[in-house]
Each structure stands twice: as C-alpha cells, then as structure tokens.
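next one to model:
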Amino acid sequence: MWGFLPIGKQAISSAAGTSGVSSSKSKEAEIKRINKELANIRSKFKGDKALDGYSKKKYVCKLLFIFLLGHDIDFGHMEAVNLLSSNRYTEKQIGYLFISVLVNSNSELIRLINNAIKNDLASRNPTFMGLALHCIASVGSREMAEAFAGEIPKVLVAGYVDTMDSVKQSAALCLLRLYRTSPDLVPMGDWTSRVVHLLNDQHLGVVTAATSLITTLAQKNPEEFKTSVSLAVSRLSRIVTSASTDLQDYTYYFVPAPWLSVKLLRLLQCYPPPDPAVRGRLTECLETILNKAQEPPKSKKVQHSNAKNAVLFEAISLIIHHDSEPNLLVRACNQLGQFLQHRETNLRYLALESMCTLASSEFSHEAVKTHIETVINALKTERDVSVRQRAVDLLYAMCDRSNAPQIVAEMLSYLETADYSIREEIVLKVAILAEKYAVDYTWYVDTILNLIRIAGDYVSEEVWYRVIQIVINRDDVQGYAAKTVFEALQAPACHENLVKVGGYILGEFGNLIAGDPRSSPLIQFHLLHSKFHLCSVPTRALLLSTYIKFVNLFPEVKPTIQDVLRSDSQLRNADVELQQRAVEYLRLSTVASTDILATVLEEMPPFPERESSILAKLKKKKGPSTVTDLEDTKRDRSVDVNGGPEPAPASTSAVSTPSPSADLLGLGAAPPAPTGPPPSSSGSGLLVDVFSDSASVVAPLAPGSEDNFARFVCKNNGVLFENQLLQIGLKSEFRQNLGRMFIFYGNKTSTQFLNFTPTLICSDDLQPNILGFITKPVDPTVEGGAQVQQVVNIECVSDFTEAPVLNIQFRYGGTFQNVSVQLPITLNKFFQPTEMASQDFFQRWKQLSNPQQEVQNIFKAKHPMDTEVTKAKIIGFGSALLEEVDPNPANFVGAGIIHTKTTQIGCLLRLEPNLQAQMYRLTLRTSKEAVSQRLCELLSAQF
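Just a heads-up that it's a prediction; the model follows:
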C-alpha cells in the first residue's frame, strides 16, 4: 500500500541522519546514543524558537527510526500531526508514515488526524489523496472505517478523478481493507453499480484493484454485483486473446496480466454459469487458456511457468465450479493428468487436489479414472507426504464398482508403510469403499480382517462395528465370516480388534462351522480364551458374553465354561463390570432351563437402518467443508445398499428378519407413509412442513435453479444450489418405486445459521397418493463452516409431472433468509433399465403403435453432438442403452420400465441425430400418454 513511502530502515536512517546509531559497536553504546538523541529532539520540540517544516520532518523521522529499532517513543505525536497540514510532499509523507506506525486508534489526536485526512481527500491533489488513502488502509481500524467508509466510495467513482488512475486504484484497495475489517460499516448504495464499470477501465492497475474489491463484496451481496459477470468475461477475453506485446506494462514473463486473469476467474466463481450468450464467450476464453497450456514454453524461467500455471489452475477451478461443460471438464482432466508426473512437487500436488474435485463430476469421472495407474505409482514413489495424501484422496474419489478391488488392494498395500499421521484416514476410506462397492461380501469380510491385521491400532470402533452389522444383516455371509475369523484368530499375535470381531461373530454364528472337527465348539472356546488374558477390560467383557452364548449354542462345553466363570480371577475380579458379568452369567447357566437360555441368548436381530457411522467419522475427521463432503458421489448410478449404525445392545427389540438380499438402506422397506398436514381446502396445495409448527411466506425459485434442476435429470449427485451463504448438495439413489435422497446443507460463512428450517412443498398434483415422503429433521443451528445432512425417503405411488420445492428459511447475522429450489425428483428417476434383443425391441415397438402411446419431438441441438456424451446421458436418464439394435448405427435406442406402487409402465425410446443439420428426432412410446409426454420433455432438454 505504501507505494509513495520509503519505509525501510535504511531509507529512514538516511532521511533522519541517524547513521551514528546504526554504526554503534555495542547495545550499550546504541542506547547511550539514542538517549542523547531523544534528549536533543525533546529540547528542540520544547524550545521557544518555532521549528520550520524541514527540521520538524527531520526530527519526526528520527523518532520513527528509533521506534523501528525497538525503543519506546512517548512524544512527537503532535509534531507529526502538524506535518499533515504541510503542502510539501516530503513533510506530509513523513507525517503520515509516523501516524500509521505509532498512533493507535484510541489516541486523543485521532480527531485532528481525521480532519487532516478529510482535507487531503477533498484536495483533488492525487499525491495527497494517495497518501491519505494509504494511511487509512494501513491503520484499518474500526474508527477509521466509521469516519471514512462513506467517503471512499465517492472518491472511487467521482467524475473528477477520471484521469487519476493511481487514486482510483488506491481507493479500491483502501475500501477493500475497510470492508475486510469492518464489513458492517461499509454501506451499499448507488456506487455499487458504478464501481462494476471499473472493470472496463483502460488502466489495468485500476481493473486489478477493482476486481479484488468486487470479488470480496460479491461473496456477500451477489445481486448487487451480478452485472460484473459479463464485464469480467469481456475483460478476460481481451486478455487471453491478446499478445504479450499488447499489454507490455502488465506482461509478466510472456504471460499477459496473470494476476488480473486469476482475479477475474475467481470473481466468476462467485456466480453460476452465465447466460448462453456470455457463456459462449467464456467457454472460448477457457478453451484458449487450455490451448495455451499445451504450447511450448516461451521461457525456461520458473516465473514464466508459475504465472502460466496460476491462470490455468484458476481456469480449471472455474470449469469445475460451473460443472456444465462436459468437453471442458474432460480437457481439464487431461491437462491435469499431464501434471501428475511433472518434476515440480507443487504442480503434482495441485493436479491431484483438482482431480479429486473433478472425480465427483458426472461428466469427467470416467476421464479421471484413466489416470489410475499414474496415481497408484505416485502413492508408491512420492517423497512428499502431503502429495501421497492427495493421491489417497484421489483414489478414494475415483473409486467405483469397476475398480474398487484394485484401489482397495493398493490402499491396503500402501497402508503398511504409510505415515502415521494419515493411517486412520486411510483405514476409514478403505472400510467405506469395501462396504460401498462390495458385490461379493466374502471380499468385504476379507478386506476388513486384512485391514485389522495391517493397521489394527488405527481401526476405530466404528469400523469393526460395521463389519458386524453387515454380517448380522446378511445371512449369506455369516458362515464364511465365522470360518474366516476362526482362521485369523489362530495367528500367534492377533490385534485386539480382531479378537472383538472374532468373539462377536463366533458367539452368534460359531454353530455354522462347529460341524468341522477342526473348528469344534471346544476348539473355538479354547482359541478365544487363549487371547482372554492379553486383552483390555472391554474386550474381556465381550468375550464373557461370547462364552455364555456358547453355553446356549454348544451344551457340551457348558461345564468347561462354568469352570472359567467360577474361577477366582472372574468372581473376585477387581473390575466391577467383569465381576458382575461372571456372577450373572454363571448363575444364568446354572438355574435357567434350556428354553429360557434359548430365549435370553437368541441370535441378535438385524440392526436398524441409518447412515454409515464410518462415513460420518471420516467427514468429522476431514473437517467441515462446503460440500464437497459430496466427495463420495460417483457417476455410477448403482444403489449403495450397506447403510447402518453401530451395533445395538443385546436388548434391541427384534424386527422381522430380511432375506439375504435385504436392502440395508431401507429402500426395500415398507412404503413410507405420507407426512404433513392434509390438503388445504382452499386449493393452495399440500404443504409438508417437517420441522416447524408454521411456515413463513415461501420465496420464489432462486435464480438459476431451473438450469440446475435440468442438470440433475441425468445425474443423481452434485451441487443443486449455491450462493455466498449456503450450498446445497445432493446424493440420491433410486430402486424401482422407492428412492432415498441425502441433502447436504453447507454453511459457507463463519457465522451461525439460526432457526434453520428446510420445508418440502408439494403442489396439488403431488398429493400423498401420487408421491410420498418421509423426511428426517435437521439441527436448527448450523455452525459457521459446518455442514448438516437431511435424509428424504421417497415413494412413487403413481406417475407425476411436477417436482416438489425445497424451501429453506434461516437467520444469518440477524437477517432473515428465504431460499427456494426445485428438488430434482422426476419420473425418470424410477426407471429400471431393461435389456432387449433387436427382435424383441421392434416387436414391442409395434405393439405400442397407437397414436396416444407415441410422442415425438424434433428439435435443434443445444450442445455439441458428441456420441459418448449422448450415450452417458441416455444411461443417466435411466434406460438401458441397447447396442446393435437399430439398423442405423448412428441412432440410439433404449428400453426400461417406470416403476410406481400401483403399476409398471414399459418405455421404449429412439433418438436419431442429424449431424449435418445439428438436429435431433426423439421418439418415445409407452403404454400411457402422459408418461410419454413427460419423459420426452425431460430428455429433449438434455440435448
């Protein structure tokens, strides 16, 4: 900020003439010299003879230098204030410098200082105005903000400073400084619309300063500055298409205006994708930046590559933020892939970090997966632990059903040599991936037991709880789990967590392997009891419970177990918990009949269905973030069927035992009953207010929410809405006529959200007999920087056309906030793909030949006609993509069934592209006209 002022010690020493101080040979000599100088200055200030401006400046400068040497100064302040009224630049300069460094905001002189600053701001002298603005920014106190926050915007946009570029630049940065320290004191007004036009200023220094200011202001007041988007795109376009000679004064090592480019790209990240006209120009800019990254470097200097890569990474951040251009996302991924093997560690780190975000995009997930071998190699060979950690994060983000076994195996292999600081996080991620993508649950059991073997100390309770939940809730894996843990326990040294898992599973399902002489009941008992004395008290307590379970399962070992329970080491144990269990279990085994034992010690019932506690622990460990806690969202539409909580106590009430294919997320549970008040007699629609007694007036749909809604027709995961305060992310899964939606509300500010109330609003067309909902409440207080999750269970009773609206109301900083967005619950979400041969397809096509059963739409392509993107969208829409069915290989055909509670509706579709005319013809045939019409509308909007 102090562009005019010589603030270095050497400069001040020269100006003050205090070279004798700096040349002192000892501390004592320096102090003696300083005290002598202070006495001389004090006498000059108190003398009868008035000092001229030069002398006053000289002595004030000496005081400033002495202060910078670390000595206290308790006089000279008034003389410095007097220098502010001088008309000489050098005298005013030293006065402002002294004020900025030595005068605090509580000084009695602050009023005189403020008056001098106001006089300089009104002087129209650019040099004096610059000094005043620098002083305000350097002090930056709340008192300064109260005095000048209303004046500086006037200076910034005043007509008479059109030619004073340095003043406008200083005013913008000064206002930015005050806004950061005291945002409540900077008033929004008419100047906001005028300051946006500074982005068109001819002086790039002014544009750079204005961009920094507008970016900060737009984060809290986006509507006030939304016109800046088109201007920022226009300015960015001029920069990236210009030659380095066109912006010679602002070209840094052959990169034109890199700092300004980065700031403009950050400003654009405050807003959703712009209107189509502006979006086209922005897309050209981003493509140009990506193209320049492929060009040979114009200089071998590191400054050139740093500036070039700074612009590139910020452009990629904007592409990821918009998440709307498949071609750009794939290109960005390929560009980042080239950096994965770059010799610069920082570039490798940034590339891995950015690719983690790209992996959660529907459009670029497959492109990220192509770099899996490079990422695995980085995990094995990188020297920097932070880069290795980002490699782990990327492997976790790119994982899906196709590569889960490979990624889990590599992470387990790395875990043996991983840094201790990240082992627990790797354990959680391996446990989550193994559970989420387990097609064969024997593989899941093997993976978790291997995890305990390799890093038992870092396996939290949540992890071994989960393996027990899965085993108990799945009949088909219980025998294998019992056999596997029995074999694992035979190792001479077993981790205590393995003993816990073994004790729990053998106590429940040891009878399934008892027929093998190698794992007879007595051998199982002796194997567990051999570990007993090496375990902690909680594990011993669990093993005692296993022993009493054995009494029920295997009557032949009852005497042996009673002898153990009767021993002094149990009945007289110093730990009260172990003593009580031993006494009660011994008594139970002695007096209870066989029937009573079978009733009391019956097999544990399936656990209730809730969110995975491992995933919750990982989110807590990674810290609060703005959705991107959606890091586990994937392109894969397959349903994750492994939700659940910690093991319940033995007293948990029994529920009906599910089949081996039980859905632990509850998607196969009983149909959800509709909630909320009955339909209003006034016809205003059904209001399902789940979390409060009464609802306020519902806001209209947020700007841009319709575009975001359309993006979710062919995908289930991503960011639904985002402004400067709130981010709403979705993760959805559907099976037949049932669905579950996880809604993530992220507080992007550092201030609490109070009375946070999400409300689901349905129109008359979505009565409970059409679409049913069960929702779980959220905490009414959302901490700054935190994220809360809400679960919505959905049942499609009959076909529908309207989508429900999610209204969020809360208080932020005393201000009431009201946001409404459409929830992307559309009819195609209940699509189940159906594979058909060519003959079957056309036979069924002819059967649906009534005019009421067919809907056809011919329309102009709104996006590039890319074959792979088209296939991905049809699959994302929900139907099966039938290959080699249509006689014309350029056409796309699909088939599926819409599942509702009341009926099933078969659907066939045919999409015929015309590349020359850039047109599509979409034909849909179903047994119900309204369904054909709705599906045609939804799918047509995607191309």
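
so what's the residue count around the residue lying closest to residue 573 once chain neighbours are set aside?
With CB to CB, 6 or more residues apart in numbering as the criterion, residue 573 has its nearest non-adjacent residue at 4.5 Å, and that residue is residue 579. Every residue, glycine included, has its C-beta placed from N, CA and C. Neighbours of residue 579 under the rule other CB atoms under 10 Å: 14.

quick check, pLDDT for residue 579.
Residue 579 is assigned 90 on the pLDDT scale.

got the contact list for the helix or strand harbouring it?
Using DSSP states H and E, the element containing residue 579 is helix 576-591. Helix 576-591 is touched from outside by 537, 540-541, 544-545, 547-548, 551, 558, 561-562, 565-566, 570-573, 597, 600, with contacts defined as CB atoms under 8 Å, 6 or more residues apart in numbering.

distance between that helix and the chain's centre?
Remark: helix 576-591 is offset 50 Å from the chain centroid, using CA atoms, centre = their mean, to the nearest Å.

quick one: list the elements packing against the helix or strand following it.
Per DSSP H and E, the first helix or strand lying C-terminal to helix 576-591 is helix 594-600. With contacts defined as 3 or more CB pairs under 8 Å, 6 or more residues apart in numbering; DSSP states H and E, helix 594-600 has these neighbours: helix 537-553, helix 576-591.

can you pull the buried residues of stretch 935-943?
For stretch 935-943, a neighbour-count test (16 or more other CB atoms under 10 Å) marks 935, 936, 937, 938, 939, 940, 942, 943 as buried.

name the element the third one belongs to?
In other words, residue 937. For residue 937, the host element (DSSP H and E) is helix 929-940.

let me see the mean pLDDT of that helix.
86.

need the phi and psi values for the residue nearest to residue 831 when sequence neighbours are not counted.
Spatial nearest neighbour of residue 831, chain neighbours left out: residue 878 (2.7 Å); criterion: CB to CB, 6+ apart. Here is the backbone geometry of residue 878 (degrees, to the nearest 10): phi 120, psi -20.

what sits against residue 878?
637, 828, 829, 830, 831, 832, 833, 896.

am I right that the second one is in a helix?
Right, the one you point to is residue 828. Yes. Per DSSP: H, G, I helix; E, B strand; the rest coil, residue 828 lies within a helix segment.

do I have it right that it meets residue 937?
No. Using CB atoms under 8 Å, residue 828 is not in contact with residue 937, being 10.5 Å away.

can you pull the contacts of residue 441?
So residue 441 contacts 470, 474, 476, 477, 480 (CB under 8 Å, 6+ apart).

of those, which belong to helices?
Counting by DSSP state H, the part of the contacts of residue 441 found in helices is 470, 480.

related to what we said a few turns ago, most neighbours among the contacts of residue 878, which one?
Busiest of those [other CB under 10 Å] is residue 830, holding 27 neighbours.

that one and residue 35: what is the separation?
87 Å (CB to CB, to the nearest Å).

can you check residue 531 too?
77 Å.

looking at those two, which is more packed in?
In this view residue 531 and residue 35 are compared by other CB under 10 Å, and residue 531 has more residues nearby, 19 against 12.

if we can go back for a sec, what's the most buried one of the helices and strands packed on helix 594-600?
helix 537-553 (a mean of 21; mean count of other CB atoms under 10 Å).

after that one, next one along is what?
Using DSSP H and E, the helix or strand that follows helix 537-553 towards the C-terminus is helix 558-566.

which element follows that next one toward the C-terminus?
According to DSSP H and E, the helix or strand after helix 558-566 is helix 568-571.

what about that next one, distance to the chain center?
Its chain's average C-alpha position is 53 Å from that of helix 568-571, according to CA atoms, centre = their mean.

cool, stretch 216-223 as well?
The answer for stretch 216-223 is 20 Å, by CA atoms, centre = their mean.

cool, and stretch 517-530?
49 Å.

what mean pLDDT does the host helix or strand of residue 373 get?
Secondary structure assignment for residue 373, by DSSP H and E: helix 372-381. Mean pLDDT, helix 372-381: 90.

what's the answer for stretch 528-544, then?
For stretch 528-544, mean pLDDT is 91.

who touches that stretch?
Under CB under 8 Å, 6+ apart, the answer for stretch 528-544 is 489, 494, 496, 499-500, 502-504, 506, 546-547, 564-565, 570, 575, 577-578, 581-582, 585.

which is the next helix or strand following the helix or strand bottoming out on mean pLDDT in the chain?
None of the helices or strands of the chain scores lower by mean pLDDT, DSSP states H and E than strand 686-688, at a mean of 32. Note on strand 686-688: by DSSP H and E, the next helix or strand toward the C-terminus is helix 705-711.

if we can go back for a sec, for residue 531, see how far away the residue nearest to residue 573 is.
The separation that residue 579 has from residue 531, given CB to CB, amounts to 20 Å.

grab the nearest non-local neighbour of residue 870.
Using CB to CB, 6+ apart, the closest residue to residue 870 is residue 892 (6.2 Å).

ok, that neighbour - contacts?
Counting by CB under 8 Å, 6+ apart, residue 892 makes contact with 870, 871, 874, 881, 886, 910, 911, 913.

and stretch 558-578, what's buried?
558, 560, 561, 562, 564, 565, 570, 573, 578.

roughly how far does the last one sit from residue 165?
To tie it back to what came earlier, the one meant is residue 578. From residue 578 to residue 165 the distance is 80 Å (CB to CB).

which intervals of the chain have sub-threshold pLDDT?
Applying pLDDT under 70 to the chain picks out residues 1-24, 48, 105-107, 159-163, 243-246, 609-698, 764-769.

again, 50 this time
By pLDDT under 50, the weakly predicted segments of the chain are 1-14, 161, 624-696.

outline the domain layout of it.
1-78, 506-604, 705-825, 828-941 (the TED database).

any idea how far the third one is from the chain center?
For domain 705-825, the separation from the chain centroid amounts to 16 Å (computed by CA atoms, centre = their mean).

ditto for the last one
Domain 828-941 sits 34 Å away from the centroid of its parent chain (CA atoms, centre = their mean).

endpoints of it, how far apart?
13 Å (CA to CA, to the nearest Å).

cool, the longest one as well?
For domain 705-825, the first-to-last residue distance is 14 Å (CA to CA).
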